[in-house]
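J.: A predicted structure for the sequence below; I have some questions about it.
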Amino acid sequence: MFLLLARGEELQALIASFRNPSLLFHSDTGPKLGSALPSHARWSSIGVQINLIYNKNDEVGVVLFGTEGTDNELTREVGGYEHVLVLCESKVVDGDILDAVQRLPRGTVPGDFIDAIVVGMDMMIKKFGVTNKGKKRICLITSAREPIKEPYEGTKEDQIDTIASQMNAHGMKLESIVVRELASNANKNIMDENDHLLSRFSKKAGARVVYVEDPTSLLGAFRTRNISPVTIFRGDLELSPRVKIKVWVYKKTSEEKFPTLKKYSDKAPSTDKFATHEIKVDYEYKMADDTVKVVPPEQRIKGYRYGPQVVPISSAELEAIKFKPEKSVKLLGFTSVSNILRHYYMKDVNIFIAEPGNKEATLAVSALVRAMKKMNKVAILRCVWRQGQGNVVVGVLTPNESNQENIPDSFYFNVLPFAEDVREFQFRSFSGLPASCQPNQQQQEASDKLVMMLDLAQPEKSEDLRPDFTPNPVLERFHHVLELKSKKPDSDIPSLDKTLKRIIEPDSKILLQNRALIDEFCKLFDVKENPKIKKSTRRLWTKTSSDGEGESAQGGLNDHGVPSFNSEGKPIVSQIGDKTPAEDFEAMMARRDGVEWVNKAMKDMKSFIYDLVENSYEGDAYSKALDCLIALRKGCIVEQEPKQFNDFLRQLCKFCREKDLASFCKFLVSKQIMLITKAEAIDSDATEEDAINFLVKTEPTT
């Protein structure tokens, strides 16, 4: 892989050539690149990181243009090609190249991206010749604001045509990323001319030209991992038993997944250069009544539970009862576009094209596409992509009419859900609420404005976070942290990059611009406490009132309704309140004006914890319940009452399992809550091993 990076105004050329795949970056770091240079270096380094993970045999070279100095073979051989610097010769991608890309210097000389492309082409031709056609790629990253010097012979267009023909002859691909940040001092005539030259590259050499305006879009447009398209179906699209069209089906979109992470063993000696560090797992099957004897594979058979009985089914029987439909793609019928809603779509998108080179199939697909488009119809298909496939797919075929002469018409295919896949969520209508809860006209208008404010495609503005140019922030974060850990294993996880924050957090500029609208919305809606969430507090208050003691949750009241205080001037606490339950518990435990307060504090705290866990909504009260549980555990140790805590913890976990609240038990495991051991309280019935293993489910040995 070759990486060409330039110091100049423009981050401009990336040329890829593969022995195993190779990539070459041409990067402009000139003075007009401005604030895009740090982002370019950052995301170029991510491109190299991706190749380190996915394509570890790629060869990469780095070329800078727009530099004050000049260092390349063409200058030494024939002259010219000034301000083009070969930073790294072509070699297998490694950490040195990554470090070089991350430290791009800022240039002061205008860069000529055509010179950089020619230097990169010369490097790849000399090293790889005409081999590996189609595996050499050029990616040009530039602001395209600097003028291109006149050639010695002919016009600039002639020069582009000559370079494009050589690229085609050697199987090189060009990818241009133009960074267009807003700048008042940009020369429009120069930019228009450069755009024209890049467009000519696109037509003559099949180049891809992408325009980006911010670092986030630059990262999304910067693709270094190419996936070769593979057909998932080749055969007939059956419109009827007598009408069939030859089609090929490809995946249009696919989920980008994490690289395969395998277990690594460090048990091999460091001197062993041939160690694979691979971990292999072997499973042994033993009889339930004889755990010593191993059951050989020929004596094993699968069993399926049918009530209390286990029914054995052999592999031959299992194969015989499998559903094996014939490979086919059949039309079930047509329907209006309005009947297929967007949220019905499932899984990835496929694309249907006519069989390449088949004129009759191309004409038939085009006629069907245009007819369906004109009548506003879509087709419902039944698909079995390959022979012996265990499941049948039903989906919708949407016409895709092409507006380019060299690209034929096609179809998009989306999988539709079966009845058991549909999940209907019924929401209560406002019409069923009393008049006092109905939104008025002002509230409705404020809500509409708030929703429109959050639209990413505002009128007269370019769309924010376009899917084609928005990367997966989780993957980018993973690549960044992996690169950091490879250098410093003990380093802390860095804070989130501001470019990725723009994807996952609200845009601060939009919020600032619409502050008045947000404030108006907040004024029109009163925020009230949900009484259902505060059920436990209401229960405590009701109990107090019914007892006639006239006590609040925070402290006792005397006969005149005035809070009571102790000798230290602190309120006397006689109940556990909702605001500070742990502090109230400790205050009750510390009371010495009666023997009943310790038992009452423990009893009330247990009841309070039960209420918190039972009335928690999606775990929102788990942290508070944990604080109370820790306070109770500490109090039981001080008062030498370990049995009370241990019995309560066992009962609490049993209660959670019965009430489908197992998530709280998992939460306690994550916080390492244990029983009170004999080492902590002599009267405890739990050993150290019992305490550690409590709540932890023992994994079955294999």
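T.: Right, received. Where do you want to start?
J.: so which residue is smack in the middle of this structure?
T.: Val474 (4.2 Å; CA atoms, centre = their mean).
J.: packing partners of the host helix or strand of it?
T.: Element membership for Val474, per DSSP states H and E: helix 473-487. Applying 3 or more CB pairs under 8 Å, 6 or more residues apart in numbering; DSSP states H and E, one finds that helix 473-487 contacts helix 36-54, helix 95-102, helix 498-504. In short, each C-beta sits where N, CA and C put it, glycine included.
J.: list the buried residues of the host helix or strand of Leu219.
T.: Assigned by DSSP H and E, Leu219 falls within helix 215-221. Across helix 215-221, burial judged by 16 or more other CB atoms under 10 Å covers 215-221.
J.: if we can go back for a sec, can you check the pLDDT for the residue nearest to the centre of the chain?
T.: Here, the pLDDT recorded for Val474 equals 85.
J.: likewise Ser184?
T.: Per-residue pLDDT puts Ser184 at 50.
J.: the strands in the stretch 251-400 of the chain, which residues?
T.: Secondary structure of the stretch 251-400 of the chain (DSSP state E, counting those that start in this stretch): strands at 302-306, 309-313, 328-336, 346-354, 377-384, 393-400.
J.: wait, which of the ones you listed is closest to His480?
T.: strand 346-354 (26.7 Å; CB to CB).
J.: give me the sheet partners of the closest one and which way each runs.
T.: strand 243-251 (antiparallel), strand 410-415 (antiparallel) (DSSP bridges).
J.: what are the buried residues along it?
T.: For strand 346-354, by 16+ other CB under 10 Å, it's 350-354.
J.: show me where pLDDT drops low in the stretch 601-702 of the chain?
T.: Along the stretch 601-702 of the chain, the parts satisfying pLDDT under 70 run over 695-702.
J.: 80 - rerun?
T.: Along the stretch 601-702 of the chain, segments meeting pLDDT under 80 span 616-619, 659-660, 662, 672, 682-683, 688-702.
J.: coming back round to it: which two of the buried residues of strand 346-354 have the greatest separation?
T.: Pairwise over the buried residues of strand 346-354, using CB to CB, the maximum falls at Asn350 and Ala354, 14.6 Å.
J.: state whether Ile232 and Trp385 are indeed in contact, as I suppose.
T.: Yes - counting by CB atoms under 8 Å, Ile232 touches Trp385, with 5.2 Å between them.
J.: of the two, who's got more company?
T.: The residue with more neighbours, out of Ile232 and Trp385, is Trp385; 18 against 14, by other CB atoms under 10 Å.
J.: which residues sit in contact with the more buried one?
T.: 232-233, 249, 327, 393 (CB atoms under 8 Å, 6 or more residues apart in numbering).
J.: repeat for Ile279
T.: With CB under 8 Å, 6+ apart, Ile279 has these contacts: 262-265.
J.: and if we set it to 6 Å?
T.: With contacts defined as CB atoms under 6 Å, 6 or more residues apart in numbering, Ile279 is in contact with 263, 265.
J.: okay, it: pLDDT?
T.: For Ile279, pLDDT reads 87.
J.: quick check: buried residues in stretch 584-601?
T.: For stretch 584-601, burial by neighbour count (16+ other CB under 10 Å) applies to 584-589, 591, 597-598, 600-601.
J.: who's in contact with it?
T.: 573, 576-577, 605, 631, 635, 639.
J.: identify, from those, the entry nearest to Leu496.
T.: Using CB to CB, Ala631 is the member of the contacts of stretch 584-601 that lies nearest Leu496, at 34.8 Å.
J.: ok, and the closest non-adjacent residue to that closest one?
T.: What sits nearest to Ala631 in space, not counting adjacent residues and going by CB to CB, 6 or more residues apart in numbering, is Ala582, at 4.1 Å.
J.: could you point out which element follows the helix or strand hosting Val62?
T.: Assessed by DSSP H and E, Val62 sits inside strand 59-65. Downstream of strand 59-65, the first helix or strand assigned by DSSP H and E is helix 73-78.
J.: put the alpha carbons of that following helix into PDB.
T.: The C-alpha trace of helix 73-78 is given here as PDB (Å, rounded to 0.1, in the frame of the first residue of the first chain):
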ATOM      1  CA  GLU A  73      13.300  10.300  -8.300                       C
ATOM      2  CA  LEU A  74      11.600  12.100 -11.300                       C
ATOM      3  CA  THR A  75      13.200  15.400 -10.200                       C
ATOM      4  CA  ARG A  76      16.600  13.700 -10.200                       C
ATOM      5  CA  GLU A  77      16.100  11.900 -13.500                       C
ATOM      6  CA  VAL A  78      14.300  14.500 -15.700                       C
END
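J.: okay, buried residues for it please.
T.: 74-75.
J.: tell me the mean pLDDT for the next helix or strand after it?
T.: Using DSSP H and E, the helix or strand that directly follows helix 73-78 along the chain is strand 84-92. Averaging pLDDT along strand 84-92 yields 78.
J.: tell me which strands and helices strand 84-92 is in contact with?
T.: Secondary-structure packing of strand 84-92 (3 or more CB pairs under 6 Å, 6 or more residues apart in numbering; DSSP states H and E): strand 59-65, helix 95-102, helix 113-128.
J.: looking at these, which is buried most?
T.: Comparing these by mean neighbour count (mean count of other CB atoms under 10 Å), strand 59-65 comes out on top with a mean of 30.
J.: so for that strand, mean pLDDT?
T.: Taken as a whole, strand 59-65 has an average pLDDT of 77.
J.: give me the helices and strands touching that strand, please.
T.: strand 22-28, strand 84-92, helix 113-128.
J.: alright, that wraps it up for me.
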